[in-house]
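# My questions are about this predicted structure, shown below with the sequence.
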Amino acid sequence: MPTREDVIWCYSTFLLREPDSDEVVESWRQRCRNFRELAQAFRESPEYQNMLARPSFNGQEPGELASLRERLAALEDVARQLDETRAALDRAHRRLDELEEAGRRRDSARSASLYVPNPPFSYTPPGRFMAFSTCHADDFLYPRFQEICAALNYSPRFHRKLWEWVFITHHLLQSGEVKPGARGLVFGVGSERLPALFAKMGASIVATDAPMEIGEASGWTATGQHSASLSQLRYTDIVDGDTFDRNVSYEPCDMNDISAHLQGFDFNWSSCCFEHLGNLEAGMQFVVNAVEKTLRVGGIAVHTTEFNLSSNDDTIESGPTVIYRRRDIEELVRRLESRGHHVEPLIVGPDTHPLDFHVDVPPYTHVPHIKLMLAEYVATSVGLVIRRGR
């Protein structure tokens with residue numbers, strides 16, 4: 001429907017006057033579906049036809065009338081282009097609706113065709129729990145995985161982030177360093193449940209995350225991946241409030257510049273953080289610093305990060321998120337060992353379970369989410385277990 005301004009413009013352009021009343025303007029609007037019909041109706045109106053029928057002088061058309069004809073021709077051209085644009089816009093909207101519906105059908109079909117088992121599982125894989133350094137479907141099937149999830153009061157699911165938390169918890173507990181009176185340090189804590197669990201076990205935990213300006217600039221604050229206070233770490237379904245307050249403290253920490261007073265800890269950890277420090281080298285140097293600056297000799301560190309399964313040559317080497325190749329992790333292991341530290345062997349898990357072959361692609365369904373597509377690379381999580389040697 002044309003607008004009130006369209007009608008007033010047509011009166012001024014075609015009839016060279018103003019409308020008689022608002023009621024007349026509204027009647028013109030109701031009669032026409034669009035601006036093109038409105039302009040055509042004014043051209044066909046008796047008043048306009050009478051104007052055209054007025055005699056000219058010496059066989060010549062008055063200049064005003066000639067100008068009006070030119071304006072009308074231009075107006076009709078604009079109306080035609082407007083109609084074509086609206087038609088193209090309608091086609092684009094219909095195509096967008098079709099693509100969105102196709103995407104919904106695809107996601108539904110993908111979910112329907114993939115069976116994801118739920119605990120309790122009737123099968124336990126052979127071999128020891130957490131035998132590999134990378135996220136592996138078999139790990140989720142062990143009773144120990146369910147036990148750690150229960151301790152965290154977190155429902156088990158085939159998700160690599162949960163695998164990281166279980167990997168860290170398992171190796172820290174296995175080391176014997178988490179005990180009453182022990183001191184632990186976590187980097188990039190976000191909203192993790194691990195500080196609450198270790199506090200329940202009697203350890204004293206310093207929880208750190210990036211300074212607020214870094215968290216906001218990186219978008220972590222907006223997505224709930226950044227912590228700025230203890231309130232975001234208080235899980236009373238894991239530990240009572242008094243024990244938590246007594247055993248957990250919080251402070252900001254730039255992982256590229258660890259504060260000198262953070263030292264002498266029995267254990268430390270981070271879960272998929274050091275790939276966000278700007279480039280591959282910055283993350284590797286963080287791991288070295290986390291071991292040598294903050295741990296006592298004999299202390300244990302467990303850190304997880306992104307692992308490139310697609311290539312040992314090409315990767316994302318710098319930016320908000322980098323992806324470590326096997327050769328990068330092996331170089332980090334050599335660097336740590338050359339400095340006198342012990343590192344658990346890097347063992348990349350084989351694809352032996354059907355879920356190991358599933359790659360979650362954007363927009364992620366997160367069921368399962370053991371492997372995912374990051375940019376053009378298939379990635380998963382990898383963990384390092386390091387004991388400070390000197």
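Arrived safely.

# what's around residue 26, how many residues?
Number of residues near residue 26 (other CB atoms under 10 Å) recorded here: 13. Where you see a C-beta, it was placed from the backbone N, CA and C, and this is true even at glycine.

# Run the chain-centre distance for the helix or strand hosting it.
Here residue 26 sits within helix 22-31, counting by DSSP states H and E. Its chain's C-alpha centre and that of helix 22-31 lie 51 Å apart, by CA atoms, centre = their mean, to the nearest Å.

# Quick one: work out the angle between whatever helix or strand comes next after that helix and helix 22-31.
Toward the C-terminus, helix 22-31 is succeeded by helix 35-44 as the next helix or strand (DSSP H and E). Interaxial angle, helix 35-44 versus helix 22-31 (axes from the mean of the first three to the mean of the last three CA atoms, to 10 degrees): 120 degrees.

# which other residues reach helix 35-44?
By CB atoms under 8 Å, 6 or more residues apart in numbering, the residues outside helix 35-44 that reach it are 2, 6-7, 10-11, 13-15, 28-29, 31-32, 48, 72, 75-76, 79-80, 82-83.

# make it 10 Å
1-3, 6-7, 9-11, 13-15, 28-29, 31-32, 48-49, 52, 72, 75-76, 78-80, 82-83 (CB atoms under 10 Å, 6 or more residues apart in numbering).

# Of those residues, which count as buried by neighbour count?
Buried residues within the contacts of helix 35-44, defined by neighbour count using 16 or more other CB atoms under 10 Å: 2, 6-7, 9-11, 14, 28, 32, 48, 72, 75, 79.

# related to what we said a few turns ago, elements contacting the helix holding residue 26?
The contact analysis (3 or more CB pairs under 10 Å, 6 or more residues apart in numbering; DSSP states H and E) places helix 22-31 against helix 4-10, helix 35-44.

# Which among those is found nearest to residue 131?
Between residue 131 and the helices and strands packed on helix 22-31, the tightest spacing by CB to CB is seen for helix 35-44, at 72.2 Å.

# for the record, mean pLDDT for the closest one?
For helix 35-44, the mean pLDDT works out to 86.

# And stretch 351-366, by the same measure?
92.

# which parts of it are buried?
Result for stretch 351-366 [16+ other CB under 10 Å]: buried residues 353, 355-356, 358-360.

# Export only the CA atoms of it, formatted as PDB.
Taking Å, rounded to 0.1, in the frame of the first residue of the first chain, the C-alpha atoms of stretch 351-366 are listed here in PDB:
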ATOM      1  CA  ASP A 351      40.100 -44.300  16.000                       C
ATOM      2  CA  THR A 352      38.600 -47.500  17.300                       C
ATOM      3  CA  HIS A 353      35.000 -46.600  18.300                       C
ATOM      4  CA  PRO A 354      32.300 -45.400  15.900                       C
ATOM      5  CA  LEU A 355      32.100 -42.100  17.700                       C
ATOM      6  CA  ASP A 356      35.800 -41.500  17.100                       C
ATOM      7  CA  PHE A 357      34.900 -41.000  13.400                       C
ATOM      8  CA  HIS A 358      32.200 -38.400  14.000                       C
ATOM      9  CA  VAL A 359      33.300 -34.800  13.400                       C
ATOM     10  CA  ASP A 360      31.000 -32.000  14.800                       C
ATOM     11  CA  VAL A 361      30.700 -29.200  12.300                       C
ATOM     12  CA  PRO A 362      29.400 -25.600  12.700                       C
ATOM     13  CA  PRO A 363      26.800 -24.900  13.900                       C
ATOM     14  CA  TYR A 364      27.900 -27.500  16.500                       C
ATOM     15  CA  THR A 365      25.300 -29.900  17.900                       C
ATOM     16  CA  HIS A 366      27.700 -30.900  20.800                       C
END
